[in-house]
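> no sequence on this one, just coordinates:
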């Protein structure tokens, strides 16, 4: 693995934590046992991501020399991704879809369930999913021919990415 790829991998590692946990420490938020599982899931997500990069023939270039530079870069990039995700979710067609999902979940919920909590959780989940997609995939998608992901291998890798991404988001619910 090239130094640039290692830097990208490590910065993605830091950025995922920022998107999912904000200023909180994942280890403190999750506790030791769940934190270990979280790190395994994060490693699987990044492994999958770099396999997608291989399929796309995408070779990210990132010249950061210290861990502090990588963490700072990741934090800034994650903040931008979160802002972009919030903007995307305010578009009329997206907000209508989310409203429809909230209504559907509320209809299925029992009477004791607070609809506000349902709405907040669904919106938070959508923000985190969109932010992770932007943070992890946007540059590769913009700079690659994504039609190669339409074959069976690509479809499997993208489906796995989505499952792994959603599993990462579930750790914020613990």
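Received the coordinates, thanks. Model, not experiment: these values are computed from the prediction. Numbering: from 1, shown residues only.

> from here on, contacts and neighbour counts on C-alpha atoms
Fine.

> Now for the spatially most central residue of the chain, which secondary structure element holds it?
With distances taken as C-alpha atoms, centre = their mean, the residue of the chain nearest its centroid is residue 132 (2.3 Å). Per DSSP states H and E: residue 132 is located in helix 115-143.

> mean confidence for that helix?
For helix 115-143, the mean per-residue pLDDT is 89.

> what's the spacing between that helix and its chain's center?
7 Å (C-alpha atoms, centre = their mean, to the nearest Å).

> The helix or strand just after it to helix 115-143, inter-axis angle?
Beyond helix 115-143 in the direction of the C-terminus, DSSP H and E gives the next helix or strand as helix 152-170. Put simply, helix 152-170 runs at 140 degrees to helix 115-143, going by axes from the mean of the first three to the mean of the last three C-alpha atoms, to 10 degrees.

> Helix 152-170: how far from the chain's middle?
11 Å.

> Now that helix: average pLDDT?
Throughout helix 152-170, pLDDT has a mean value of 95.

> start at 24 instead
In the new count, where the first residue is 24, that last one comes out as helix 175-193.

> re earlier: residues of the helix holding residue 155 that come out buried?
For helix 138-166, the neighbour count (16 or more other C-alpha atoms under 10 Å) marks 138, 141-142, 145-146, 148-159, 163 as buried.

> thinking again about what came up before, which residues are in contact with the residue nearest to the centre of the chain?
Contacts for residue 155 (C-alpha atoms under 8 Å, 6 or more residues apart in numbering) come out as 39, 42, 104, 188.

> can I get these in JSON lines with neighbour count and distance to residue 32?
Shown next, in JSON lines, are the contacts of residue 155 (neighbours: other C-alpha atoms under 10 Å; distance: C-alpha to C-alpha, whole Å):
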{"residue": "39", "neighbour count": "24", "distance to residue 32": "11"}
{"residue": "42", "neighbour count": "24", "distance to residue 32": "15"}
{"residue": "104", "neighbour count": "24", "distance to residue 32": "17"}
{"residue": "188", "neighbour count": "22", "distance to residue 32": "16"}
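
> Mind checking which of those are in helices?
Under the assignment DSSP state H, these contribute 39, 42, 104, 188 to helices.

> Need the max-distance pair from the residues you listed.
104 and 188 (14.8 Å; C-alpha to C-alpha).

> Spell out which helix or strand contains the most far-flung residue of the chain relative to its centre, please.
Distance from the C-alpha centroid of the chain, by C-alpha atoms, centre = their mean, peaks at residue 134 (32.1 Å). Using DSSP H and E, residue 134 is not contained in any helix or strand.
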